[in-house]
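Undergrad: Pasted the sequence and its predicted model underneath.
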Amino acid sequence: MFLKRITLQHDKIPSMNNYPFSIPAIQNLKQLDLKKNVTFFVGENGSGKSTLLEAIADKCEFHTAGGGRNNLYEVHASESALGEFIRLSWLPKVTNGFFLRAESFYHFASHIDSVDTQGFKDYGGRSLHKQSHGESFLSLFLNRFKGRAIYLLDEPEAALSPQRQLAFLKILHDLVSNNECQFIIATHSLILLGYPYASILSFDDGKIREVDYEMTDHYQITKYYLQNREKLLKELLEE
């Protein structure tokens with residue numbers, strides 16, 4: 001592990017009433033300790049998990065629309081409002097890494113097309129735009145992710161089928177098994193959350209807290225749905 005702690009500097013925030021500081025989980029954040037090489041952020045839409053992940057990326061000097069330190073391109077509204085108010089505690093500090101943002105991955109792929117001079121060697125030998133969405137994600141994971149680094153992923157499952165989510169878990173496990181990589185992943189994927197060597201942090205209920213896999217809403221709702229599909233759909237659709 002490299003990043004050990006995230007601290008919100010409340011004394012520097014001009015007002016907690018403005019977004020994103022008004023998000024309950026962010027508002028109540030003081031200090032967050034990271035305990036494992038893989039940490040999942042989970043929670044409802046708007047709970048603050050992607051907002052905090054983006055702020056970490058900003059503090060790492062990664063492009064907040066997606067990329068690493070050396071990826072410089074312009075995307076509207078890619079700045080982080082939270083980044084300047086958090087402090088990251090490292091041991092040791094690393095500068096290598098990558099921020100994957102599924103919603104703006106197209107812009108990152110276009111940037112790579114415009115600057116690549118090495119035959120896309122970090123992306124499987126082909127332009128990311130000439131691969132399917134899922135293929136381009138896996139090409140990134142397989143070829144760009146390596147060495148001592150921290151990787152911040154915002155909903156990587158967005159482009160991955162269930163089978164490819166399992167393939168990603170194998171890639172992730174291989175990368176962290178030598179203790180040279182750290183991952184922080186915001187996700188809704190029940191498959192990814194099942195990775196057994198991770199810490200799961202829930203942003204629901206107005207605070208950030210560690211939860212077990214079986215206690216996540218993702219697990220509880222999916223389990224109930226699978227066990228009671230006909231009954232649940234009848235109640236839902238015939239109201």
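TA: Here it is on my side, so go on.
Undergrad: And the helices in this structure?
TA: 24-27, 49-59, 105-115, 133-139, 162-176, 190-193, 217-227, 229-237 (DSSP state H).
Undergrad: what does the second one contact?
TA: Outside helix 49-59, the residues within contact range by C-beta atoms under 8 Å, 6 or more residues apart in numbering are 3, 6, 20, 23, 25-26, 29, 41-43, 63-64, 79-80, 82-88, 99, 101, 152, 154-155, 184, 186, 203. Bear in mind the C-beta positions are built from the backbone N, C-alpha and C, glycine included.
Undergrad: for the fourth one, same thing?
TA: By C-beta under 8 Å, 6+ apart, the list of residues contacting helix 133-139 from outside reads 100, 105, 109, 123-124, 126, 128-129, 131, 156, 159-161, 164, 167-168, 171.
Undergrad: just to revisit the earlier point, for residue 71, which of the helices of the chain is the nearest?
TA: helix 105-115 (6.2 Å; C-beta to C-beta).
Undergrad: Buried residues, that closest one. List them.
TA: 105, 107-109, 111-112 (16 or more other C-beta atoms under 10 Å).
Undergrad: Is it correct that residue 28 is in contact with residue 205?
TA: No: counting by C-beta atoms under 8 Å, residue 28 does not reach residue 205; the two are 9.9 Å apart.
Undergrad: and the closest residue to residue 53 other than its chain neighbours, how far is that from residue 74?
TA: Spatial nearest neighbour of residue 53, chain neighbours left out: residue 186 (4.9 Å); criterion: C-beta to C-beta, 6 or more residues apart in numbering. Distance, residue 186 to residue 74, using C-beta to C-beta, to the nearest Å: 24 Å.
Undergrad: In space, what's closest to residue 202 - neighbours in sequence excluded?
TA: Of all residues not flanking residue 202 in the chain, residue 211 sits nearest, at 4.7 Å (C-beta to C-beta, 6+ apart).
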